[in-house]
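[1] turn this into a model:
(one chain, ligands or ions: 1)
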Amino acid sequence: MQSLTQHLTTLLSDTFAAAGYDRSYGEVVVSNRPDLGQFQCNGALPAAKAYGQKPRDIAQQIVERLPQSADIFADISLAGPGFINLTLTDAFLGQWLQTMADNPRLGVAAVTTPQRVVVDYGGANVAKPMHVGHLRAGIIGESIKRLFRFMGDDVIGDVHLGDWGTQMGMIIVELAHRHPDWPYFDTDNTGPFPAESPITLTDLEEVYPAASARAKSDPTVMEAARQATMELQNGHPGYRALWQHFVDVSVAGLREDYGALDIHFDLWLGESDANDHVEEMIARLQAQGYTSESQGALIMDISLPDDNEPMPPLILRKSDGAVMYGTTDLATIDLRVQELRAQLILYVVDHRQQQHFKQVFRAAYKSGITPPQVGLEHNYFGTMNGKDGKPFKTRAGGVMKLKDLIQLVIEAALARMAESHVADEYEEAERLEIARRVGLAALKYADLMNQRTKDYIFDLDRFSSFEGRTGPYLLYTTVRARSILTKAAAQGLEPGALLPPTVDAERTLLLQLAQLPDALRMAYETRMPNHMADYIYTLANEFNRFYNACHILSATDTAVQSSWLGITQLFARVSELVLMLLGIEIPERM
Ligand code: ARG
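    Numbers count the residues shown, from 1 in each chain. This is a model prediction of the structure:
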């Protein structure tokens, strides 16, 4: 099924073609002057240039041909130098929305050629605390993953844990310093090693900062950490056994953290999973002549003749033998293409890694690891800042733990709920569950409503309000629609066939509902969930306007009443779909 604007575009394109012009001039968009018409087509202006005619003359010809095409339009007018304004008949609009309501996908067409898409998001690091950058990666990536899946692609979400870098060596060295007697550090010991982890997640939270501080202040410790990382990568049995404990302990904690955010990965792979593949890949790149040596390191030149700025080579292996972040990323692409049959890989990773991905992608295409038809995209995002404009921190200036942040948003939600008397009379457990959903909706919506490439300021007071452009407002509106339907059902009233709208608030709501497929398509094509976030906010406003103008439960005309209930139900379904695609859970009631 086409969207309404696509349908109108086809109609206008046919008309342009029938009048002897190129079809491409027939594009119809939602009008930015609703006072003049619901939709507009501006194609007569570029057509006039191309055909050496006056735009108004062309527009006039199109307008003259249009009315015969169908009884779709209530009004067609010409404005300014040659804009065509279009307004639909209420009958057509009502019918269109009925078709949408009858469609299980709410009129959103699935893609015609589904692709195998890998979404690489989350990206938390083993043994290091998650920071707000990881939070954004999780929130935005989850939404992109859900959207691609809904559009019909075959999607795999992979967390791609950071588990193979120098931080691993730092922790090993730190623990060896504290517990020289542990069996993992005895070079002659090849195992087996204790099955029980010698450290807990809480230990790790203390060990990593200490390890990193010591390595940064003492070059010999840093050197030892590098050495340990290299030995770990090369299979030192004790280090591997200890490392496996860090991974297991961290992953258990991360599963909980991501789970609490309703973020779910299909694969829990990490940098280390590409390790077994690295040697083979490097050998292949060497054999193909893509590599060279530089000061003992193995590098790959990825510069292009027309680079404006120098492009540093990709370092595959350092002089000490350790592989780099870029190497594991390149080997991971190789595996994703060969084993997962990926046709498109989306990296939802913060903007500071643009250079990294540029390098890795170039290396992948240059070496043929990625065939030209496979897409690699860095869908980067900006920083979540505090009110001071600097990256969001705790009051004390430290990195905020995810658990603490979630606690903070839930508390804000509880306070707002009390203020607005939401869920006042419910049992404690339900009120807490509502607060959890409201708090997370505040957090996620605040993130997703911004164009992802931009930084934004996290302002909990504003984001947790039940009014304005916020997650809680969207939940409240959706729950309200559901509750009208429940109340109606209790009175034996069911949603029915949609009649042509008669009230202006109803008409604009229908027009906004009809734009769902366009909003999703836009978000899908640009990989930008904010198009969905914008859409659902406007839609919620239109619904509230409709709700205030049309007193559904006290309506006297039963056909009108059941049509209004039909519209309410359609709104609820659309809102539930979009909020699901944003990764936002809706309370049963509020
Ligand atoms: N672990 C990395 C970090 O914390 C993010 C990983 C992103 N994904 C990737 N394939 N490099 O910065």
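[2] from here on, just use CA atoms for contacts and neighbour counts.
    Noted.
[3] which parts of the stretch 151-300 of the chain sit against the ligand?
    Within reach of the ligand by C-alpha under 6 Å from any ligand atom, the stretch 151-300 of the chain has these residues: 160-162.
[4] tell me the one among those residues nearest to the ligand.
    Gly162 (4.0 Å; C-alpha to the nearest ligand atom).
[5] please tell me how far the closest one sits from Arg452.
    22 Å (C-alpha to C-alpha, to the nearest Å).
[6] over to Tyr347?
    Distance from Tyr347 to Arg452, counting by C-alpha to C-alpha: 13 Å.
[7] where do the contact lists of the two overlap?
    Listed contacts common to Tyr347 and Arg452 are Tyr380; contacts here mean C-alpha atoms under 8 Å, 6 or more residues apart in numbering.
[8] neighbour count for Gly162 and Arg452, which is higher?
    The neighbour count for Gly162 versus Arg452, taken as other C-alpha atoms under 10 Å, is higher for Arg452 (24 against 21).
[9] once you drop chain neighbours, what's closest to that one?
    The shortest distance from Arg452 to any non-neighbouring residue, by C-alpha to C-alpha, 6 or more residues apart in numbering, is to Phe381 (4.8 Å).
[10] give me phi/psi at that neighbour?
    As for Phe381, its main-chain torsions (degrees, to the nearest 10) stand at phi -140, psi 160.
[11] for it, give its distance to Ile62.
    Distance, Phe381 to Ile62, by C-alpha to C-alpha: 43 Å.
[12] tell me which other helices or strands the one helix or strand Val117 maps to touches.
    Here Val117 is covered by strand 116-120, with elements defined by DSSP states H and E. Contacts defined by 3 or more C-alpha pairs under 8 Å, 6 or more residues apart in numbering; DSSP states H and E place strand 116-120 against helix 132-150, strand 154-158, strand 344-347.
[13] just to revisit the earlier point, touching, the residue nearest to Arg452 and Val349? I think so.
    Yes: in this structure, Phe381 is within contact of Val349 by C-alpha atoms under 8 Å, at 6.6 Å.
[14] give the contact list for Glu467.
    Contact analysis of Glu467 by C-alpha under 8 Å, 6+ apart lists Tyr473.
[15] contacting residues around the residue lying closest to Leu579 once chain neighbours are set aside?
    Nearest residue to Leu579 in three dimensions, chain neighbours excluded: Glu585, at 7.1 Å (C-alpha to C-alpha, 6+ apart). Glu585 makes contact with 437, 441, 579 under the criterion C-alpha under 8 Å, 6+ apart.
[16] rerun that using 10 Å as the cut-off
    Contact analysis of Glu585 by C-alpha atoms under 10 Å, 6 or more residues apart in numbering lists 261-262, 434, 436-438, 440-441, 475, 576, 579.
[17] same check, this time on Thr332
    Listed by C-alpha under 10 Å, 6+ apart, the contact set of Thr332 reads 160, 269-275, 277-278, 326, 338.
[18] again, only this time at 7 Å
    Ala274 (C-alpha atoms under 7 Å, 6 or more residues apart in numbering).
[19] how far away is it from Ala124?
    From Thr332 across to Ala124, the span is 16 Å (C-alpha to C-alpha).
[20] and what of Pro198?
    Going from Pro198 to Ala124 by C-alpha to C-alpha gives 22 Å.
[21] and the pLDDT for the residue lying farthest from the centre of the chain?
    Ranked by distance from the centre of the chain (C-alpha atoms, centre = their mean), the top residue is Asp188, with 48.3 Å. Per-residue pLDDT puts Asp188 at 88.
[22] dihedrals phi and psi, it?
    Residue torsions, per degrees, to the nearest 10, at Asp188 are phi -80, psi -10.
[23] also Ile282?
    Taking degrees, to the nearest 10, you get phi -60, psi -40 for the backbone angles of Ile282.
[24] also Pro391?
    In terms of degrees, to the nearest 10, the main-chain angles of Pro391 are phi -50, psi 130.
[25] with Ser77 instead?
    Per degrees, to the nearest 10, the backbone of Ser77 is at phi -140, psi 160.
[26] count of neighbours near it?
    Neighbours of Ser77 under the rule other C-alpha under 10 Å: 16.
[27] these two touch, right, it and Asn85?
    Yes: with contact defined as C-alpha atoms under 7 Å, Ser77 reaches Asn85; the gap is 5.1 Å.
[28] pretty sure Pro194 sits in a helix.
    No: counting by DSSP: H, G, I helix; E, B strand; the rest coil, Pro194 is not part of a helix but coil.
[29] tell me the contacts of it?
    Pro194 neighbours (C-alpha under 7 Å, 6+ apart): none.
[30] separation between it and Tyr208?
    Between Pro194 and Tyr208 the distance is 22 Å, computed by C-alpha to C-alpha.
[31] and for Glu467?
    Distance, Glu467 to Tyr208, by C-alpha to C-alpha: 42 Å.
[32] on that earlier part again, pull the CA atoms of the strand holding Val117 into PDB?
    C-alpha atoms of strand 116-120 as PDB (Å, rounded to 0.1, in the frame of the first residue of the first chain):
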ATOM      1  CA  ARG A 116      20.400  -9.000   6.000                       C
ATOM      2  CA  VAL A 117      21.300  -6.000   8.200                       C
ATOM      3  CA  VAL A 118      23.700  -6.100  11.200                       C
ATOM      4  CA  VAL A 119      23.200  -3.300  13.700                       C
ATOM      5  CA  ASP A 120      26.300  -2.800  15.800                       C
END
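[33] so in that sheet, which strands flank that strand, and in what orientation?
    Strand 116-120 pairs in its sheet with strand 154-158 (parallel), strand 344-347 (parallel), by DSSP bridges.
[34] following element in sequence after the shortest one, please.
    Sequence-wise, the next helix or strand downstream of strand 344-347 (DSSP H and E) is helix 354-367.
[35] show residues contacting that next one.
    Residues from elsewhere that reach helix 354-367 (C-alpha under 7 Å, 6+ apart): 302, 314, 326, 330, 370-372, 376, 378.
[36] hmm, back to that, out of the residues of the stretch 151-300 of the chain next to the ligand, who's nearest Gln40?
    Among those, His160 lies closest to Gln40 (C-alpha to C-alpha), at 45.5 Å.
[37] spatially nearest residue to the closest one (excluding sequence neighbours)?
    Using C-alpha to C-alpha, 6+ apart and skipping residues adjacent in sequence, the residue nearest His160 is Gly270, 4.3 Å away.
[38] quick one: the one you found and Val126 touch, right?
    No: with contacts defined as C-alpha under 7 Å, Gly270 does not count as touching Val126, sitting 9.3 Å away.
[39] who touches both of those two?
    With C-alpha under 7 Å, 6+ apart as the test, Gly270 and Val126 both reach 161-163.
[40] where do the helices sit along the stretch 51-200 of the chain?
    Assigned helices in the stretch 51-200 of the chain, in chain order: 55-65, 90-102, 132-150, 166-178 (criterion: DSSP state H, counting those that start in this stretch).
[41] and the ones you listed as CSV, adding mean neighbour count and mean pLDDT?
    Listed next are the helices of the stretch 51-200 of the chain as CSV, based on neighbours: other C-alpha atoms under 10 Å; pLDDT from 0 to 100:
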stretch, mean neighbour count, mean pLDDT
helix 55-65, 18, 95
helix 90-102, 19, 97
helix 132-150, 24, 95
helix 166-178, 22, 95
